[in-house]
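Visitor: here you go, sequence then predicted model.
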Amino acid sequence: MNREAKWLGALVFALCGAATAHAQTYAIDFFDGSSTSIIDATGAFTYNAAQPAGSQFSNFTVDWSGNAFDFTALANATPTESHGCGSGNISLFSYLTTAACSSQNLSWLGEFQFSTSSASFIFSALDNPVASSVATSGFVIPEGGTFSATQTQTVPELDPASAASGLTLLLGGLMVLRGRKQPHRAA
């Protein structure tokens, strides 16, 4: 392989590197009232800002009093709105990760509905609530308080559009190399 081809190959591989987007995974601890020592519920979610609106949250679950709540679809459908903890409208992600929001007196609320025998878990209970409900077989004592969301890991994800572009460049470079005729050297 001649020197030009090696440089062209190196250039193609350098240009083909697919960009990665990073999804952040968060753990959530829900505290009793204003205490930060008694944990009443736990949760977790993964957020990827590089995804289109409506699909940025994944695996968003909360476990409260033995009831599992799936907030993934709700979180992805929640518009930017006021949650009573900042100036103006904010996203649900900002609500979950901003201390001024999570430390409000009633940042979350868990309650039981007798009429439907269901439990509900609510974020931003006082201003534009985001709630999920599940059927439950037993009575659940209502609780509420503050919470803390902590980033636990960053997961690199391959951006499909960048991967496709990289593959196109690679194949184009290989086609150029294949189309070039090698001069024959006299022996």
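Guide: Done, it's in.

Visitor: is the residue positioned nearest the centre of the chain in a bridge, and if so with what?
Guide: When Cα atoms, centre = their mean is applied to the chain, the residue found nearest the centroid is Tyr47 (1.1 Å). Listed by DSSP bridges, the beta-bridge partners for Tyr47 are Gln24, Phe57.

Visitor: who's in contact with it?
Guide: In this structure, Tyr47 makes contact with 23-24, 26, 56-58, 93, judged by Cβ atoms under 8 Å, 6 or more residues apart in numbering. Yep, even glycine has a C-beta here, placed from its N, CA and C like the rest.

Visitor: check Phe69 too.
Guide: The neighbours of Phe69, taking Cβ under 8 Å, 6+ apart as the test, are 61-63, 121, 132-134.

Visitor: what about 10 Å?
Guide: Remark: with contacts taken as Cβ atoms under 10 Å, 6 or more residues apart in numbering, Phe69 is in contact with 41, 43, 60-63, 110, 119-122, 131-134.

Visitor: ok, Ser137 next?
Guide: Shown here is Ser137, whose contacts under the criterion Cβ under 10 Å, 6+ apart are 66-67, 117.

Visitor: tell me if I am right that it is in a strand.
Guide: No. Secondary structure assignment (DSSP: H, G, I helix; E, B strand; the rest coil) places Ser137 in coil, not in a strand.

Visitor: and it, how far from Gly172?
Guide: Counting by Cβ to Cβ, to the nearest Å, the separation of Ser137 from Gly172 is 61 Å.

Visitor: now do Ser117
Guide: In this structure, Ser117 lies at 62 Å from Gly172, with Cβ to Cβ as the measure.

Visitor: ditto for Asn128
Guide: In this structure, Asn128 and Gly172 are separated by 50 Å, where distance is defined by Cβ to Cβ.

Visitor: neighbour-wise, which of these two wins?
Guide: With other Cβ atoms under 10 Å as the criterion, Asn128 and Gly172 differ in neighbour count, and Asn128 comes out ahead with 16 against 13.

Visitor: the more buried one: what secondary structure?
Guide: Classification of Asn128 into helix, strand or coil gives coil, according to three-state DSSP.

Visitor: so what pLDDT did it get?
Guide: Confidence at Asn128, expressed as pLDDT, is 84.

Visitor: which non-adjacent residue is nearest it?
Guide: For Asn128, the nearest residue in space outside its immediate sequence neighbours is Glu81; the separation is 4.7 Å by Cβ to Cβ, 6 or more residues apart in numbering.
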